[in-house]
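Student: What shape does this take:
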Amino acid sequence: MAQIRNTIPDFQRFAGRALSVEQRTREQLWDELYRSLHPDVFERFFDGQGSREGIPALVHRIRALRARVQKAVAVMPDIIEGVEPAVRSTLDVPDAPEPLHVLMVGSFSANAFVDRLDGDVAVFHCLEWFAGRDPARVLVAHEDTHAWHQLAQGPGPGDDPAWSAFSEGLAISVSRTVVPDRPEDEYFWYGLGGFEEWLPWCREHRDELRERFRERLDDPEAVEAFFGGGFVEDHWRVGFFIADELVRDLGVPPPQLVRMSVEDAGRAIRDALR
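Tutor: So this is what the prediction gives:
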């Protein structure tokens, strides 16, 4: 069975109390009844991907959020239990050690990410972003691939655009194998609405995007621009589109990809861009 740490019962207790108090008190209750019960989780969250700036909006929408999180937690353990063996099989990696899965509610700043928690490689699943069972399966497969990749190779260089392209391309490839036949944009946006024109735009500007990425392979700031919160031509996360194409162009199966060193992976991406 997968290792799962579920913080959601404490979130739901907070949410139940928050419904009967004013906004300012809700933020205080969030700290007292939820965050303070999981200090290690939120330390990693705020140090890595999270921000406290979203907390006021989160507690303001607590009624709708409570219902969404309840739907998510009802299916997420089964999704993880079903997806993780398929990811492991696709990558052909040993079944131990295995990643820890943390079910939590963040601050609308990250839908999921991989980090360390108490010495374990952990996937943090932020259920405020839950968009349905099938999109969640795609997202779990994507992030679980990152976790097994880190278990196989250790953490990669976070400031290397070539490594980001390689690791994200691998995760997209595995998610397609494990959760096939989903709408194409779901492998990039996991059911999040408002990005229907993103994939057609990326395809239309494919050559330009690849060239711009190639020109910035030695620029650490390109990671944020192409894969993080930055923008390229007013479009977000275009590096994922590039990464998907580059790793697909390599023609290398996932078990070989996951065993490639950082140096070999970087060379492969650079060669693919020539």
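
Student: ok so residue 114 is a strand residue?
Tutor: Yes - the assignment for residue 114 by DSSP: H, G, I helix; E, B strand; the rest coil puts it in a strand.

Student: Next, count neighbours for the closest residue to it other than its chain neighbours.
Tutor: Leaving aside its chain neighbours, residue 114 sits nearest to residue 146 (4.5 Å; criterion: CB to CB, 6 or more residues apart in numbering). Any C-beta I mention is one placed from the backbone N, CA and C, and that applies to glycine too. Residues lying near residue 146 (other CB atoms under 10 Å) number 22.

Student: Touching, residue 146 and residue 171? I think so.
Tutor: Yes - here residue 146 reaches residue 171: they are 5.5 Å apart, a contact under CB atoms under 8 Å.

Student: Domain map for this protein?
Tutor: Domain segmentation of the chain under automatic domain parsing yields 3-153, 161-272.

Student: by contact count, what packs against the lowest-mean-pLDDT helix or strand in the chain?
Tutor: In the chain, the helix or strand scored least confidently by mean pLDDT, DSSP states H and E is strand 231-232, which has a mean of 88. Here strand 231-232 touches helix 221-227, going by 3 or more CB pairs under 8 Å, 6 or more residues apart in numbering; DSSP states H and E.

Student: mind listing what the nearest residue to residue 212 once chain neighbours are set aside touches?
Tutor: Distances taken as CB to CB, 6+ apart put residue 232 closest to residue 212, at 6.6 Å, once the chain neighbours are dropped. For residue 232, the contact set (CB atoms under 8 Å, 6 or more residues apart in numbering) comprises 209, 212, 225, 226, 238.

Student: any chance you could read off phi and psi for the nearest residue to the fourth one once chain neighbours are set aside?
Tutor: So that's residue 226. Excluding the flanking residues, the one nearest residue 226 by CB to CB, 6+ apart is residue 239, at 3.0 Å. Geometry field for residue 239 lists phi and psi as phi -60, psi -30, criterion degrees, to the nearest 10.

Student: Count the residues that sit near residue 239.
Tutor: Residue 239 has 25 neighbours, counted by other CB under 10 Å.

Student: related to what we said a few turns ago, gap between the residue nearest to residue 212 and residue 36?
Tutor: Using CB to CB, to the nearest Å, we find residue 232 at a distance of 39 Å from residue 36.

Student: Report the buried residues of stretch 267-274.
Tutor: The neighbour-count check on stretch 267-274 (16 or more other CB atoms under 10 Å) flags 268, 269, 272, 273 as buried.

Student: try stretch 76-96
Tutor: Going by 16+ other CB under 10 Å, stretch 76-96 has these buried residues: 76, 79, 80, 83, 84, 86, 87, 88, 90, 91, 93.

Student: from these, which ones fall inside helices?
Tutor: When DSSP state H is applied, the buried residues of stretch 76-96 are split such that 76, 79, 80, 83, 84, 86, 87, 88, 90, 91 fall in helices.

Student: Let's have these in TSV, adding pLDDT.
Tutor: Shown next, in TSV, are these (pLDDT from 0 to 100):
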residue	pLDDT
76	99
79	99
80	99
83	99
84	98
86	98
87	99
88	98
90	99
91	99
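
Student: Any chance of JSON lines for the residues you listed, columns distance to residue 110?
Tutor: JSON lines is the format used below for those (distance: CB to CB, whole Å):
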{"residue": "76", "distance to residue 110": "16"}
{"residue": "79", "distance to residue 110": "18"}
{"residue": "80", "distance to residue 110": "18"}
{"residue": "83", "distance to residue 110": "19"}
{"residue": "84", "distance to residue 110": "20"}
{"residue": "86", "distance to residue 110": "24"}
{"residue": "87", "distance to residue 110": "20"}
{"residue": "88", "distance to residue 110": "24"}
{"residue": "90", "distance to residue 110": "24"}
{"residue": "91", "distance to residue 110": "23"}
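
Student: Taking the residues you listed together, which two end up most distant?
Tutor: Maximum pairwise distance in these, criterion CB to CB, is 21.3 Å, between 76 and 91.

Student: where along the stretch 1-150 of the chain do the strands fall?
Tutor: For the stretch 1-150 of the chain, the strands defined by DSSP state E, counting those that start in this stretch cover 3-6, 100-104, 112-117, 120-126.
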